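Chemist: quick one: sequence plus predicted model below, questions after.
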Amino acid sequence: MKQSKSIPEGYMTVGEVAKKMGVTVRTLQYYDKQGLLSPSAESEGGRRLYTDKDLITLHQILSLKSLGFSLADIKQQLISLDTPSDVANILSKQADDIRQKIEQLSASLAAIEQLRTEVLQMQTVNFKKYADIIVNLQMNNEFYFLIKYFDDDMLDYIRTRFDQESGFAFIERFNRISDEIIQLQKDNIPPENEKCQTLTKVYWDLIMEFTEGDMSMLPKLIEFGKLNNTTNEWEEKQKKLNAYLEPALEIYFSRLGVNPFEGVET
């Protein structure tokens, strides 16, 4: 009874408003501090009091906030707008912002799902590789999955050997020559054929360009080339390519009278 006498009819305490509108008292206090929604009155005991009109304002704030508007936007722009056209323009801008966020979230979701696939295929936890995969996903590098096959030393070498532009250019050349060789395989051209041997030389020159002539890197590239467990179309293509290239390279080196693997531990 004492409380009812201290609260004038038509007014509500902050606790009552919070319960009725499904927010916390702290939220209402924050809105008051930010100048978004101040109490309409104060009781004799110093309690902040709200009216039904305040509830309407609070409802507007919560509704606009649910659409992604910031409290600053609501305070500075929305509540003070006078014409439907003004409101429509602000809503259009907000719609554009939300579309952009959706695109960003969709890209992040796709990256998470792709990274999860790669993580499950790796034998150990390696956050350095995870970071590399994420960066390559963000660059839209479709060959991000290759990272899991390289050790840290090889990845460090690739980072220093190539920048984004030169890396993409090298992969493009590698894929182009690979496609030409696979086409010979489909056409049943034998490895000793001059067409195959010409492309084999180009392929080997690319390997030498990649390693800068460092033959100690060959064992790692050979290990990478095995691709025992293929997980996508590109890896399956490389597996077929390697099966066709192995005898072609043996013939190529035999004709040159050299053994590039001599003295190299494989």
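Modeler: Cool, the structure landed.

Chemist: now for the residue lying closest to Asp151 once chain neighbours are set aside, how many residues are close by?
Modeler: Sequence neighbours aside, Lys220 is the residue nearest to Asp151 in space, at 7.1 Å (criterion: Cβ to Cβ, 6 or more residues apart in numbering). To be clear about C-beta, it is placed using only N, CA and C from the backbone, and glycine gets the same treatment. Lys220 has 17 neighbours, counted by other Cβ atoms under 10 Å.

Chemist: could we number from 792 for the rest of this?
Modeler: Noted, 792 is the first residue going forward, which turns the last one into Lys1011.

Chemist: the helix or strand hosting Lys1011: how far from the chain's middle?
Modeler: Using DSSP states H and E, Lys1011 sits in helix 1009-1017. With Cα atoms, centre = their mean, to the nearest Å as the basis, helix 1009-1017 stands 29 Å off its chain's centre.

Chemist: go on, stretch 1024-1035?
Modeler: Distance of stretch 1024-1035 from its chain centroid, counting by Cα atoms, centre = their mean, is 27 Å.

Chemist: so which bits of that stretch are buried?
Modeler: Neighbour-count burial for stretch 1024-1035 flags 1025, 1028-1029, 1031-1032, 1035 (criterion: 16 or more other Cβ atoms under 10 Å).

Chemist: could you dump that stretch to PDB, C-alpha only?
Modeler: What follows is stretch 1024-1035, C-alpha atoms only, in PDB (Å, rounded to 0.1, in the frame of the first residue of the first chain):
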ATOM      1  CA  GLU A1024      38.900 -33.000 -59.000                       C
ATOM      2  CA  TRP A1025      42.200 -31.100 -59.200                       C
ATOM      3  CA  GLU A1026      43.900 -33.700 -57.000                       C
ATOM      4  CA  GLU A1027      42.500 -36.500 -59.100                       C
ATOM      5  CA  LYS A1028      43.700 -34.900 -62.200                       C
ATOM      6  CA  GLN A1029      47.200 -34.500 -60.700                       C
ATOM      7  CA  LYS A1030      47.300 -38.200 -59.800                       C
ATOM      8  CA  LYS A1031      46.600 -39.200 -63.400                       C
ATOM      9  CA  LEU A1032      49.100 -36.700 -64.600                       C
ATOM     10  CA  ASN A1033      51.800 -38.000 -62.300                       C
ATOM     11  CA  ALA A1034      51.200 -41.600 -63.500                       C
ATOM     12  CA  TYR A1035      51.600 -40.500 -67.100                       C
END
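
Chemist: quick check: mean pLDDT across that stretch?
Modeler: Mean pLDDT, stretch 1024-1035: 87.

Chemist: other residues contacting it?
Modeler: Applying Cβ atoms under 8 Å, 6 or more residues apart in numbering, the contact partners of stretch 1024-1035 are 934, 936, 969, 972-973, 975-976, 982, 1016-1018, 1021.
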